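Asks: Provided below for reference: sequence and predicted model.
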Amino acid sequence: MQHVGHKGPLIGMTGTFLQLIRNEGPRSLYLGLTPALTRSVLYGGLRLGLYEPTKYCFDWAFGSSNILVKIASGAFAGAFSTGLTNPVEVLKVRLQMNPNAAPIAEMREIVSKEGIGALWKGVGPAMVRAAALTASQLATYDETKLILVKRTSLEEGFHLHLCSSMVAGVVSTLITAPMDMIKTRLMLQQGSEDSRIYRNGFHCGYKVVRKEGPMALYKGGFAIFARLGPQTMITFILCEKLRALAGLHTM
């Protein structure tokens, strides 16, 4: 969110971290934690849980489970899950920008001042971002596993899951960082339609590139990878282990 609408040098991840600690205290690093955890349980569970059944449905319908089917399955699972959980994401972003607000009070204020539709602000870019994220994560992980098993000595197990999830984390970060930035800008907008800077996701992307330069789409890119990379690895490794404990086949 630095230099919105303007070009200029960014403080960077380390500078922002130190500035938050100095000005707002360690607690500021966990602003919006409650809705973030709530969304992770709902959104994360739905998108991971829907991927396999969707892939089987597409396989049954089209008689194929190639990379395109995997991408389509991940895109559907991600978009559908985000459409349901977008209000929690909006609340999380608002709480991160308002240190003194309580989750329930902030939710009531959003609805009373901006209407129930405000809870679905940025849902379009959020669904696109989630579709791209889930498709790139799951399809890349799925396909990387197959390639590594065929072309290397790696077998089903921790090391295969770790390598595959690392590749998935890098690919998903590169694809989703611009969408993440656009989604956040839209969710933070307040006021009437006439007073808003951005009309929709495409308009936001256009204005960002025009006023701040193309690289502005990757503002916070390293911070996104620092979160998404480890999250992807932990998610897939734990998911594979839990599936094994439950008696299910690997992903």
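Replies: Looks like it arrived, so ask away. Here the structure is a predicted model, which means the values were calculated and not measured.
Asks: Now do the phi/psi pair for the closest residue to Glu24 other than its chain neighbours.
Replies: Once flanking residues are discounted, Glu24 sits nearest to Pro99: 6.3 Å by Cβ to Cβ, 6 or more residues apart in numbering. Where you see a C-beta, it was placed from the backbone N, CA and C, and this is true even at glycine. The phi and psi torsions at Pro99 (degrees, to the nearest 10) take the values phi -60, psi -30.
Asks: Now for Pro99: which residues touch it?
Replies: Residues counted as contacts of Pro99 (Cβ atoms under 8 Å, 6 or more residues apart in numbering) are 24, 27-28, 31.
Asks: Repeat that for Val90.
Replies: Contacts for Val90 were tallied using Cβ under 8 Å, 6+ apart; they are 110, 118-122, 187.
Asks: three-state assignment of it?
Replies: Under DSSP: H, G, I helix; E, B strand; the rest coil, Val90 falls in the helix class.
Asks: again with the one 10 residues further on
Replies: Here Asn100 is recorded as coil under three-state DSSP.
Asks: shift numbering so it begins at 636
Replies: Fine by me, first position is 636 from now on; the one you just mentioned is Asn735.
Asks: what's the neighbour count on it?
Replies: Using other Cβ atoms under 10 Å, Asn735 is surrounded by 8 other residues.
Asks: Ser800 too?
Replies: Ser800 has 26 neighbours, counted by other Cβ under 10 Å.
Asks: Also Cys692?
Replies: Counted with other Cβ under 10 Å, the neighbours of Cys692 add up to 13.
Asks: And the helix or strand that contains it, what's buried?
Replies: Cys692 is part of helix 680-697, with elements assigned from DSSP states H and E. Buried positions in helix 680-697, judged by neighbour count with 16 or more other Cβ atoms under 10 Å: 681-683, 685-687, 689-690, 693.
Asks: again, but for stretch 854-867
Replies: In stretch 854-867, counting by 16+ other Cβ under 10 Å, buried: 854-856, 858-860, 863-864, 866-867.
Asks: can you check stretch 702-722 too?
Replies: Neighbour-count burial for stretch 702-722 [16+ other Cβ under 10 Å]: 704-717, 720-722.
Asks: and if you look at stretch 748-767?
Replies: Across stretch 748-767, burial judged by 16+ other Cβ under 10 Å covers 749, 753-767.
Asks: Show me how far the lowest-mean-pLDDT helix or strand in the chain is from its chain's centre.
Replies: The helix or strand of the chain with the poorest confidence is helix 668-674; it has a mean of 83 (mean pLDDT, DSSP states H and E). When C-alpha coordinates are averaged (Cα atoms, centre = their mean, to the nearest Å), helix 668-674 and its chain have centres 13 Å apart.
Asks: quick revisit: if we only consider the buried residues of stretch 748-767, which is nearest to Leu655?
Replies: Ranked by distance to Leu655 (Cβ to Cβ), the buried residues of stretch 748-767 are led by Gly757 at 23.2 Å.
Asks: Tell me which stretches of the stretch 786-886 of the chain form helices.
Replies: Secondary structure of the stretch 786-886 of the chain, counting by DSSP state H, counting those that start in this stretch: helices at 793-823, 836-847, 856-880.
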